[in-house]
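# Provided below for reference: sequence and predicted model.
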Amino acid sequence: MRTDTSPGTLPAREHLPAGDAGTPVLDVVIPVYNEEKDLQPCVLRLHEHLKRTFPYAFRITIADNASIDTTPQVAARLESEIPEVTSFRLEQKGRGRALRTVWSASDAPILAYMDVDLSTDLNALLPLVAPLISGHSDLAIGSRLARSSRVVRGAKREFISRTYNLILRGSLQARFSDAQCGFKAIRRDVAQALLPLVEDTGWFFDTEMLVLAERAGLRIHEVPVDWVDDPNSTVHIVKTATEDLKGVWRVGKALASGSLPLDRVTRPFGDDPRDRDIQDVPKGLARQLVGFCVVGGLSTLFYLVLYSLFRQFGGSQVANALALLVSAVANTAANRRLTFGVRGRGGAVRHQAQGLVVFAIGLALTSGSLAALNAASSDPAHSTELAVLVAANLAATVLRFLLFRAWVFPDREDSAEEPPLAALDSPSSPTYATAPQSPQHPQYPGSYAPLPQRPSQQGTYDTASTTQFRAGEAADGTWRDATMQLQPVRPHDTDPRNSR
């Protein structure tokens, strides 16, 4: 039973309503335990990267997990030398405990964390937090398993990582691709509602937070990353894997019993005010199950009619194979269009070929059932044959749905077309304003202040006047290439304070 049935639905996402200019927009937490050698190079490199590339105010927070070496002294020295760096000391170990403590106390609207070894390329940091600032997403994670990710690590860790994520997909129906990459961000309003539901204080903290967020319907943005394994990592793989499996069992049991008040962290459908009154929007899995059951019921009737027809002209095995073949083609076509919403002819041949593989598995189940029946009885009645086939088809149907959902018609969010980099030269090109607007929101009285910008070292800008122009249009009215030319960013670790 639910422990809390009070409605606590989060408001619809808005573009980040940042406060006064003194509040950082981003708070990057670095949890550490006995990292006296790596802490200073990590903080210096991250600070230099944010100074050059991040357009808003930021903070770097060192979360010390009860270190027993000189890590606290290194953190204190960095805090005294760099204004954007602060440190926090915990007397108990646990990465999850550190993140929960610092995130709960932070006043920054965007909260992130990364591992001290900086295995993830820092060029992915701005793409990680941008969807949270814009209001598009609630959480963001770096993914080493995305198609466009570039990863350098050993076969052992690669196997463990992929196996773990397969376990999550199979047991908790997780759809995110990489649960344990140490590169994540979350909006503070989401963290305030979500973190009280997360029990783990160790390495499973990430996974539990993501699973609960996904089950609550929050949007998780994935960023492909470049990642290089740290050969000196102190993570105990066997112990961590054991604790993670215990966590999977605990969370799965809680989700199955309905004891988690996930309604406290749900979002309304859509961010357009016209969409916020829509109720009971069907979830993907529920809608697919209904559609698959309807198609499956009709396919079973169609199969039984075909079997009875073919049985008059041949043996049971031949009639079963022919009936399954014809009904399988019709079943795949119907599920493709009605259940999984695939339109057009693209991929139809491949889908039918994969459907035939699923058909072969169903054929093996039903043929094996008929063979067992014939072995038990030399001349079984026709009604008995039909009863055995119905039972075998029920088992084949469950397997067919799982294979259709996971293999034949999987969610392909990462294959969607990328939007154009800039608007075309046309009358319909969007218009942008150089001065920020101040929208009103019924739940937040007053005007939103603009996101606090870092002071420019090249002078100030006059924002009193608002100049509007379209993408690709220069200030003098001429049209030029609107694609921004970016230079590669490669921060350096060289610093006179770095002893290494």
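Done, it's in.

# all strands of the stretch 51-200 of the chain, in order?
58-65, 85-90, 110-114, 139-143, 150-152, 183-187 (DSSP state E, counting those that start in this stretch).

# again, but for the stretch 301-450 of the chain
Under DSSP E, counting those that start in this stretch, the stretch 301-450 of the chain gives strands at 431-433.

# Neighbours of residue 119, how many?
Residue 119: 22 surrounding residues under other C-beta atoms under 10 Å. (Glycine included, C-beta is placed from N, CA and C.)

# Correct me if wrong: residue 114 contacts residue 120.
Yes - counting by C-beta atoms under 8 Å, residue 114 does reach residue 120; the two are 6.4 Å apart.

# how about residue 399, what does it touch?
358, 361, 362, 365 (C-beta atoms under 8 Å, 6 or more residues apart in numbering).

# my bad, should have said residue 328
Residue 328 sits in contact with 355, 356, 358, 359, 362, where contact means C-beta under 8 Å, 6+ apart.

# coming back round to it: when residue 114 and residue 120 are compared, which one has more neighbours?
Counted by other C-beta under 10 Å, residue 114 and residue 120 do not tie: residue 114 has more neighbours, with 25 against 21.

# So in terms of bridging, what pairs with that one?
residue 183 (DSSP bridges).

# Quick one: residues contacting it.
28, 30, 46, 120, 125, 182, 183.

# So which of the contacts of residue 328 is the closest to residue 247?
residue 358 (32.8 Å; C-beta to C-beta).

# For that closest one, grab the count of nearby residues.
21.

# so what's it scoring on pLDDT?
We have a pLDDT of 83 for residue 358.

# residues touching it, list them.
328, 332, 399, 400, 403, 404, 408.

# Just the buried ones from these, in ChimeraX syntax?
Buried residues among the contacts of residue 358 (16 or more other C-beta atoms under 10 Å), as a ChimeraX selection:
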select :328,332,400,403,404,408
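
# and which of the contacts of residue 399 is nearest to residue 88?
residue 358 (53.2 Å).

# So the closest one versus residue 389, what's the distance?
With distances taken as C-beta to C-beta, to the nearest Å, residue 358 is found 17 Å from residue 389.

# on that earlier part again, output the contacts of residue 399 in TSV; the columns should cover distance to residue 67.
Rendered in TSV, the data for those read as follows (distance: C-beta to C-beta, whole Å):
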residue	distance to residue 67
358	54
361	54
362	58
365	57
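
# which of those residues are buried?
The buried subset of these (16+ other C-beta under 10 Å) comprises 358, 362, 365.

# give the contact list for the second one.
I take that to be residue 362. 324, 328, 393, 396, 399, 400.

# How about residue 393?
With the criterion set at C-beta under 8 Å, 6+ apart, residue 393 makes contact with 300, 303, 362, 366.

# Leaving out chain neighbours, which residue sits closest to the first one?
Going back to what we said before, that points to residue 300. residue 393 (5.9 Å; C-beta to C-beta, 6 or more residues apart in numbering).

# Just the pLDDT for the one you found.
75.

# And for residue 257?
At residue 257, pLDDT is 81.

# Can you tell me how far it is from residue 263?
For residue 257 relative to residue 263 (C-beta to C-beta), the value is 15 Å.

# Among the two, which residue is more densely surrounded?
residue 263 (15 against 10).

# Just the C-alpha atoms of stretch 253-261, please, in CSV.
Output in CSV follows, covering the C-alpha atoms of stretch 253-261 (Å, rounded to 0.1, in the frame of the first residue of the first chain):
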residue,chain,number,x,y,z
LYS,A,253,10.0,-5.2,-4.5
ALA,A,254,8.9,-1.7,-3.5
LEU,A,255,7.7,-0.9,-7.0
ALA,A,256,5.8,-4.2,-7.2
SER,A,257,4.1,-3.5,-3.9
GLY,A,258,3.3,0.1,-4.7
SER,A,259,4.8,1.4,-1.5
LEU,A,260,6.6,4.3,-3.1
PRO,A,261,4.6,7.6,-3.3
